[in-house]
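> the following block contains a protein sequence and its predicted model.
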Number of protein chains: 2
Amino acid sequence: MGRKRTKSGKIRLAEVAELAGVSPITASRFFRNPEALSVAKRTRVESAAKELGYVPNLAARALASQRTEVIGVLIPSLTNNVFSDVLRGIYDASEGSRYSIQLSNTRYSILQEEKLLRLFLAQKPAGLIVTGIDQTAESRAMLEAADCPIVQIMETGPDPVDMMIGFSHYDAARAAIAHLFEQGHRRIGFVGARMDPRVQRRLDGYVSAMKDAALFDQRLVVTTATPTSVTLGGALFTDLLAREPEIDAVFCANDDLALGVLFECRRREIAVPGQIAIVGFNDLEFMASAVPTLTSVRTNRYEMGKTAATMLIEAIEGRRPEQPVLDLGFKVIERQSSSARRSDNRPGVSGAGAANKMIALPSSHD
Amino acid sequence: MGRKRTKSGKIRLAEVAELAGVSPITASRFFRNPEALSVAKRTRVESAAKELGYVPNLAARALASQRTEVIGVLIPSLTNNVFSDVLRGIYDASEGSRYSIQLSNTRYSILQEEKLLRLFLAQKPAGLIVTGIDQTAESRAMLEAADCPIVQIMETGPDPVDMMIGFSHYDAARAAIAHLFEQGHRRIGFVGARMDPRVQRRLDGYVSAMKDAALFDQRLVVTTATPTSVTLGGALFTDLLAREPEIDAVFCANDDLALGVLFECRRREIAVPGQIAIVGFNDLEFMASAVPTLTSVRTNRYEMGKTAATMLIEAIEGRRPEQPVLDLGFKVIERQSSSARRSDNRPGVSGAGAANKMIALPSSHD
DNA sequence: AGGAACGTTGACAGCGCTACCAGCAACGAC
DNA sequence: GTCGTTGCTGGTAGCGCTGTCAACGTTCCT
């Protein structure tokens, strides 16, 4: 009557239990909460499972327990370097745990995010990682009604749904501008692409810092909804120069744009930082090795992903972190591209030689 | 008797069936094979499902049907730009289908890959995408025994497990070297990092091309197992120059290295391409916007991911592609950094000006 | 010595869905 | 008119695991 071996030849929990001489339910407990077993049975089940090469059937487990061991991750982009670092952190943290990552790409659309959220939630994930704090009202309601831990990543803000880990893009932008002020720059342009909420907040930080110094001018701001790229950095900078030839610095909303600006300067024989200083955002690896080296705002992307996933897993397992909102901060990494202005006698258009001399400038930090 | 509404308040198939006035099994069929229903019942079930907001329980479905709707993807790195493009293609292709992507990172370890493969296979995935053709014997055996379609991506080779989509890294490297030969370069260095199998094959292609021209010299090759980076490109190039100061071109195993070499040249005031030509690999976005623009070998990464996933899904659903092995090819995109050597009178060390003149050179393609 | 408290174990009854097969009507072939 | 054949539908019986609860033995307290 009782089926012996399953037709597919797969090892089931029942086989393990039989070999170990315990009931199936005891074997089941071994995999969920080993401490609940006596040491004798624990070792018996363990060796039986190993001997048979038992692998639990996740679908059956999910069905019976009414929950899955899936962590849903919603990010806006798969190509942006920023997110690949975050993702790597998330995957690293999930590795070795029982949880698996289910990734979806919102493509910077909060409507798409809402749709994906609905899909995820229907499968009762163990936890959820979502990007940012700008969800639709509907998404927000779903998140709040969800009976699983949730971490919002990439930025901090008031009113977290549950846990939150990130930093203030607004403050980071202000710090970048403050650094440029310190170095003696005054007419500082802003170059931004994609203009997702976090880039927007960087712009807000830029605007407020400039206004505080009574230096704000709308003509200094060039943005586009187009996805970011190095080439785009050059194009936006070209626009900026056309509007406002007298700028002495550019704050770029990300490093790709900054690199594009650097190349465009080289193309136009504009000395960096002699004539124009450049500051990027994120501190991608290449910033330290460009010529001149490029100043940027370092953000802890890998740590953000890793910590988010770690916190989430802890919370799933009932150990809520003492500190549900974490600000990982940022750091302005000062390099050659934003060194102090030397003098007023700007090098002429044949300034390529001058640009080369920049190499002699000391790299401030890092 | 029969339980009415599930305690969790969730809508089940039974509720949909009841509202539609059909048996549960008929409702079930609607979601798997709508054509099998009469038009009347089909529309009834459809509207009932919509009205109740029914979402199928994937765990139950997987348990009952003994298979999942998960496509496993094994890639070696999450940070490498190359893979993020491939991944984007895979996710784009899976979107809208019933299949979900389960991603794992082998970290360039075939042992790790074997472990992950075992894990994946135990959950009976609907299909599998694996990177490359260098699996362990054990992995290979598991793949061959797997009863699901499999696509190997990133390169082509003999003896596919099932389907395969990629290109020949060996041929691509040879084409890059042939291009440099055409431009008059002879002492061509090779710079490579990580040295995973595909980079190794690029090196093999380089070696064979150089040997064919009787120009091979072991001192021209600088490699390291270290993961690639822009900074590393500069360091490896420095090594190469120390070994062999008389080189006139560098073939970089990827674009990050190429950018690092470019920066190092700038730092050393070596004219590109006047004194040294640079060719990269992959044709990342920034290559077209560097100064000088950088020649690279374009590979169709996004298409590779997208086509792989599309082929896989087709195969899962029983429509095996007529052509199970697909070579997506490559293309040498000739840009300023590898333009023809002009003359023998090399510009002096103050060659930065000369480098700037490069801007005037026409960009060949793209 | 009695009883509470604890730690450990097992029986039962599904979780929500689908594979399998049987049934039934409608239709055409002979 | 009988017999397949086809198209559609439904019943039965699980898929492999776990939640719940009861039962058991042991220890410790009073």
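All right, it came through fine. Numbering: from 1, shown residues only, chains lettered A, B, ... in the order given.

> only C-alpha atoms from now on, for both contacts and neighbour counts.
Will do.

> what's the helix or strand where A:E303 lies packed up against?
Element membership for A:E303 (DSSP states H and E) is helix A:301-316. Under the contact criterion of 3 or more C-alpha pairs under 8 Å, 6 or more residues apart in numbering or on different chains; DSSP states H and E, helix A:301-316 touches helix A:81-94, strand A:127-131, strand A:150-153, strand A:163-166.

> so the residue in the stretch 51-200 of chain A that chain B sits nearest to: helix, strand or coil?
Of all residues in the stretch 51-200 of chain A, A:A59 sits closest to chain B, at 4.7 Å by C-alpha to the nearest C-alpha. Secondary structure, DSSP: H, G, I helix; E, B strand; the rest coil: A:A59 is helix.

> if you drop the residues flanking it in sequence, what lies closest to it?
B:A59 (4.7 Å; C-alpha to C-alpha, 6 or more residues apart in numbering or on different chains).

> ok, that neighbour - contacts?
By C-alpha atoms under 8 Å, 6 or more residues apart in numbering or on different chains, the contact list for B:A59 reads A:59-60, A:62-63.

> which residue ranges of chain A form helices?
Along chain A, counting by DSSP state H, helices occupy A:13-20, A:24-32, A:39-52, A:58-65, A:81-94, A:110-122, A:137-145, A:169-182, A:197-212, A:230-243, A:255-268, A:301-316, A:352-357.

> quick check, the second one touching DNA strand C?
Yes: using C-alpha under 7 Å from any atom of the strand, helix A:24-32 comes into contact with DNA strand C via A:24-26.

> that helix - contacts with which helices or strands?
Using 3+ C-alpha pairs under 8 Å, 6+ apart: helix A:24-32 touches helix A:13-20, helix A:39-52.

> so what secondary structure elements neighbour the shortest one?
When contacts are defined as 3+ C-alpha pairs under 8 Å, 6+ apart, helix A:13-20 packs onto helix A:24-32, helix A:39-52.

> which residues are contacting it?
A:5, A:23-24, A:26-28, A:41, A:44-45, A:47-49, A:52, A:54, A:56.

> mind listing what the closest residue in space to A:A175 that isn't next to it in sequence touches?
Leaving aside its sequence neighbours, A:A175 sits nearest to A:V332 (C-alpha to C-alpha, 6+ apart; 7.0 Å). When contacts are counted by C-alpha under 8 Å, 6+ apart, A:V332 is found next to A:172, A:175-176, A:179, A:295-298.

> please apply the same query to A:V261.
A:230, A:233-234, A:237, A:278.

> just the pLDDT for it.
With respect to pLDDT, A:V261 scores 98.

> quick check: pLDDT value at A:G96.
What the model reports as pLDDT for A:G96 is 83.

> count of residues packed around it?
A:G96 has 9 neighbouring residues, counting by other C-alpha atoms under 10 Å in any protein chain shown.

> for the one 5 residues further on, same thing?
The number of residues packed around A:I101, counting by other C-alpha under 10 Å, is 24.

> same question, A:L52
For A:L52, using other C-alpha under 10 Å, the count is 14.

> got CSV for the helices of chain A, with distance to DNA strand D too?
Below are the helices of chain A laid out as CSV (distance: least, C-alpha to the nearest atom of the strand, whole Å):
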stretch, distance to DNA strand D
helix A:13-20, 3
helix A:24-32, 4
helix A:39-52, 10
helix A:58-65, 4
helix A:81-94, 19
helix A:110-122, 18
helix A:137-145, 20
helix A:169-182, 41
helix A:197-212, 39
helix A:230-243, 49
helix A:255-268, 46
helix A:301-316, 13
helix A:352-357, 65
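
> list of residues touching stretch A:240-254?
So stretch A:240-254 is in contact with A:176-177, A:180, A:185-193, A:199, A:202-203, A:219-222, A:258, A:275-282, A:338, going by C-alpha under 8 Å, 6+ apart.

> before I go, just wanted to say thanks for your time.
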